[in-house]
Each structure stands twice: as structure tokens, then as C-alpha cells.
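Student: Model the structure of this input:
(one chain, ligands or ions: 1)
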Amino acid sequence: MTLDRRNFIKLLGGASTVALAGCAGLPSAVTEKRGPRVVVIGGGYGGSIAAKYVRMLDKSIEVVLVERNREFVSCPFSNFYIAGLMPDMSALTINYDKLAANHGIHMAYAEVTAIDPVGKKVITSGGDIPYDRLIVSPGIDFRTEEIEGYDESTPLLMPHAWKAGEQSTILRKQLQDMPDGGKVIISMPLTPYRCPPGPYERTCLIATYLKKHKPKSKVLLLDANPDVVSKKPLFMKAWKEYYGGIVEYVPGKKVTKVDAKNKTVYIEGIEDIKGDVINLIPAQRAGNIAVKADLVGDDKKWCPVNQVTFESTKHKGIHVIGDACIAGPMPKSGYSANSEAKVCATNVVALMTGKPTVDLSGINVCYSAVSDHGSVSVANVYAIKEGKIISVPNSGGISPADFSLIKAEHAYGESWLKNILTEMST
Ligand SMILES: Cc1cc2nc3c(=O)[nH]c(=O)nc-3n(C[C@H](O)[C@H](O)[C@H](O)COP(=O)(O)OP(=O)(O)OC[C@H]3O[C@@H](n4cnc5c(N)ncnc54)[C@H](O)[C@@H]3O)c2cc1C
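Tutor: Residues are numbered from 1 along each chain as shown. All right, here's what the predicted structure looks like:
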């Protein structure tokens, strides 16, 4: 399906491209195309790597990376900050100065408000940016309309902290301000959502904090899924052995309504539960720009792609990677986004230069802390079979059930974060 000009203007809510382009200007090196060009939307785990690899593979292709923020804060390891195990977020924060200088990437700090797949340009708060091929890696946004009573004040009172930064600080402060004896509620959505083991790790780290600083307190994890969706035996062991009497896990409980001022969540089937701190993680979809640009499937949630090239099946010349895309069995993780970005960049360059495309060989490893000194992991290798991504049988697995590697894996996890953030920012 393609988008004609009339429908495109409708998507903009009636505004014309000219009106939107009239805002504060981006440099002409960004708004004027001087040769073959790839534009990348989103400078997170997927986009920064895609931009870098296109330039590494072919210096004759101009690359513009469009990002709304001058700094990027990593979600991986933000649970440590939330639980008071990191003094601040400096170890999680990168900027784009070295990446841009080292690889000759043009940075465009602007909000993308629309994509014109017919005119092949990205419409931003700073002007229009033309492209030959576009890579979109906008991460996630939330399906808050599925929760009755949720409005713009809700995330301030019941933070999701599922995008790192200000939200992480709100949740951390609420935990610090909570009196001993308080109840923390974490409400997590049905899959698929960003970082399958993330809510379980957060439960462990908040429990670590409570055990040390507020031992009469409890954490209640309300899981909308019928069972633990990642590393089940490992998290269950940690909750039992480390946090007995602190962590309560309740599966199959989906929050459908909230009263944020009264710190109350309502579960499908009428139960209402009050907490002192409520970490409400709503159900998710591809980042808003992907929805607005009609890159999502019929369910309006995630973006279908050709799983070899990551080219959208909705609009030619636009590729979607990271959390926003449907990458078969690959989880929505930073590591997956990094793997997808490299394959996508390779195939975008191949398509622009008439070379054959290559099949993905992807990896995902997700480390999760179960305490302040121990971590567990899940790993898998992915490949292409008949044009689709598959999980290579027997290629991975989870950490030993006896926790014999948790100290070593804690160190591997820390090293993974340093390596991947360095790769994204240099
Ligand atoms: C608590 C938590 C822990 C996690 N731990 C791990 C872990 O240990 N390992 C792991 O591999 N993954 C982990 N993840 C998952 C990981 O954060 C995501 O999977 C990853 O960030 C996805 O990369 P992305 O490029 O799709 O999106 P992001 O990294 O979120 O990047 C999206 C970027 O696009 C920008 N953007 C979006 N829309 C626009 C627009 N309209 N205009 C301009 N810019 C825009 C955003 O500002 C952002 O910088 C964790 C997630 C959470 C929440």
C-alpha cells in the first residue's frame, strides 16, 4: 500500500508540509541532498548503529541522523539507578558528538512530525529532510488509551520508567520518599513489549533496595501475562531465596483502570488495589511516528518488514528496525536492535549500489540483575530461513539454575553496557 498526497496531508491533521517546515531551521547540509542519501530517524540502540554502519560501508552515501534529544539515556541498567544502586545516570548517558565527527554523520536535532514516502522526505520541526532510503528506529510508545482514567498527569504520579531519563528519576524518588512498611506495585503489560525480562529484573532490584533500606515494605508484581515470560526458573528462584516475604508475584492480572490521585489500580474483573508507589508500565506499540506514517500493520501496533532487508512491507524505501519492527522471534531488546541495525545498514547500502543483499545472522543476549551483585542471562542466535527470521535451534539458553555464574555474569553485563554504549557513541 502506498500513501497518496491527499492521504498524506490528512495524516498531518490538515497541516501542509510547507507550514510545518517553517519552524526554526536545520543547516542546509541537512535540508539539501548533495548525493545519494540515507536518513535515519532515532539515535537510540538501533538508529545510531544503522547511521554509523552505512557510513562505514560506503562513504559516498550521505547520512543524516534525526534525533529529538541531544543526549540519549540508556534503558538497559536504568533499573540500577531506580533502585539507588547508581548515584546518577551519567554511566547511562551518551551524546552524538564523536559519532558524528568520526563518521561524517550529519546530526539533525529535531522532532520528526511526518514522513512523505511519495516525495521521499522527512518532515521535522526544523525543516524537511530529503532521502533516498529511510531507516526508522523510533522505539516504543504506549497504548494508554486502553487504560481507563489514564491522562497526561498519570505518568507523573504512576511513572512507567520504561523510557529512561526523567521517568526513572520520578520512580527512584518515590521509592526513596516511601515510608518503611509501604507497598510498591509494578504493573506489567502483555507481550510483546520492550525488554521481556525488564519488569522481573526491576522487581528484584526494587526488592534489593527495600530489603536494605525499608525491610517492612513489599513489592507486588502484577503480570498481565499468564506466567513469567522470560528466564522464569531464575527469577522465581531469586524471589524465593533472596526476597521471600518481600516479593509477591501475581500472574494474569491486567490493569484496565487507574485512579492515580488515590494511588489505586483496578484489575480486569473488578478488584481494586492501593499502593504507596505504583510503577504502571502500559501496553506498548511502535513509536508514534511509525504509527502516524502508516508503517504499522492492521492492528496499529508494530511494523511489518521484509525480515531480510528490514524494508517496510507498507512503504517502499523505508526500513524499520529495533523495538518498532516485527523481527520474528527476536525480542525487543537493545542487543537485537544493534544486530538488526547492522544487517539493515548492509542491505540498504546493497540496494543503493546494486549489490546482492545478505541474510541476517543475529545475536541477542539479555543480562538481568537478580541482586546488587548477581546477574543471569538469556541468549540466542537468529538466522534467516525462507525469508523469515528464525531462532537457531539449540543455539542459546538461560544461565545455570544453580546460580553458579551469577557473579561472573554480573561483570559480563556491566562490560556489555560499556561496550555497546561506546559502539553507539564513537
Ligand atoms: C528497564 C529496561 C531495561 C532494559 N534492559 C535491556 C538490556 O539489559 N539489554 C537489552 O538489550 N535491552 C534492554 N532494554 C530494551 C532496550 O532499551 C530497547 O529494546 C532499545 O532501546 C530499542 O532500541 P530502539 O532503537 O528501537 O529504540 P530507542 O533506543 O528507544 O531509540 C529510539 C530513539 O528515537 C528517538 N525518537 C523517537 N521518535 C522520534 C521523533 N518523532 N523524532 C525524533 N526522534 C525520535 C528517541 O528520542 C530515541 O532516542 C531495556 C529496556 C528497559 C525499559
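Student: Name the helix or strand of the chain that has the lowest mean pLDDT.
Tutor: helix 17-21 (a mean of 36; mean pLDDT, DSSP states H and E).
Student: Ala341 versus the residue of the stretch 201-350 of the chain found nearest the ligand, what's the distance?
Tutor: The minimum distance from the stretch 201-350 of the chain to the ligand, using Cβ to the nearest ligand atom, falls at Gly322 (2.3 Å). All C-beta atoms are positioned from the backbone trio N, CA, C, and that covers glycine. Distance from Gly322 to Ala341, counting by Cβ to Cβ, to the nearest Å: 7 Å.
Student: between these two, which one's more packed in?
Tutor: Using other Cβ atoms under 10 Å as the criterion, Gly322 and Ala341 rank with Gly322 on top: 33 against 29.
Student: about what we covered before: where's the residue nearest to the residue of the stretch 201-350 of the chain closest to the ligand when sequence neighbours are not counted relative to the ligand, distance?
Tutor: Counting by Cβ to Cβ, 6 or more residues apart in numbering, Gly322 lies nearest to Gly46, which is 3.2 Å off, once chain neighbours are set aside. Gly46 sits at a distance of 3 Å from the ligand (criterion: Cβ to the nearest ligand atom, to the nearest Å).
Student: Gly46 contacts Ala341, doesn't it?
Tutor: Yes. With contacts counted by Cβ atoms under 8 Å, Gly46 reaches Ala341, the gap being 4.7 Å.
Student: which residues sit in contact with whichever residue of the stretch 1-150 of the chain sits closest to the ligand?
Tutor: Residue nearest to the ligand within the stretch 1-150 of the chain: Gly44 (1.9 Å; Cβ to the nearest ligand atom). Under the criterion of Cβ atoms under 8 Å, 6 or more residues apart in numbering, the neighbours of Gly44 are Phe72, Ser137, Gly139, Gly322, Gly334, Ala337.
Student: check whether the helix or strand just after the least confident helix or strand of the chain contacts the ligand.
Tutor: Remark: after helix 17-21, the chain's next helix or strand is helix 28-31, criterion DSSP states H and E. No. Judged by Cβ under 6 Å from any ligand atom, helix 28-31 and the ligand are separated, with a smallest distance of 13.2 Å.
Student: Flag every buried residue along helix 28-31.
Tutor: By 16 or more other Cβ atoms under 10 Å, the buried positions in helix 28-31 come out as Val30, Thr31.
Student: And the contacts of it?
Tutor: Gly25, Val64, His106, Ala108, Gly126, Gly127, Asp128, Ile129, Pro130.
Student: Buried subset of the residues you listed as a ChimeraX selection?
Tutor: Buried members of the contacts of helix 28-31, defined by 16+ other Cβ under 10 Å, are picked up in ChimeraX with:
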select :64,106,108,126,127,128,129,130
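Student: Keep the contacts of helix 28-31, but drop any that are not near the ligand.
Tutor: Among the contacts of helix 28-31, no residue sits close to the ligand (Cβ under 6 Å from any ligand atom).
Student: and of the contacts of helix 28-31, the nearest to Thr309?
Tutor: Thr309 lies nearest to Val64 out of these, by Cβ to Cβ, at 20.1 Å.
Student: any residues touching the helix or strand hosting that closest one, and which ones?
Tutor: Val64 is part of strand 62-67 when elements are defined by DSSP H and E. By Cβ under 8 Å, 6+ apart, the residues outside strand 62-67 that reach it are 30, 33-43, 47-48, 51, 54-55, 96, 100, 103-110, 112, 122, 124, 129, 131.
Student: So how do I select the buried members of those in PyMOL?
Tutor: To isolate the buried members of these in PyMOL, using 16+ other Cβ under 10 Å:
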select buried, resi 30+33+37+38+39+40+41+42+43+47+48+51+54+55+96+100+103+105+106+107+108+109+110+112+122+124+129+131
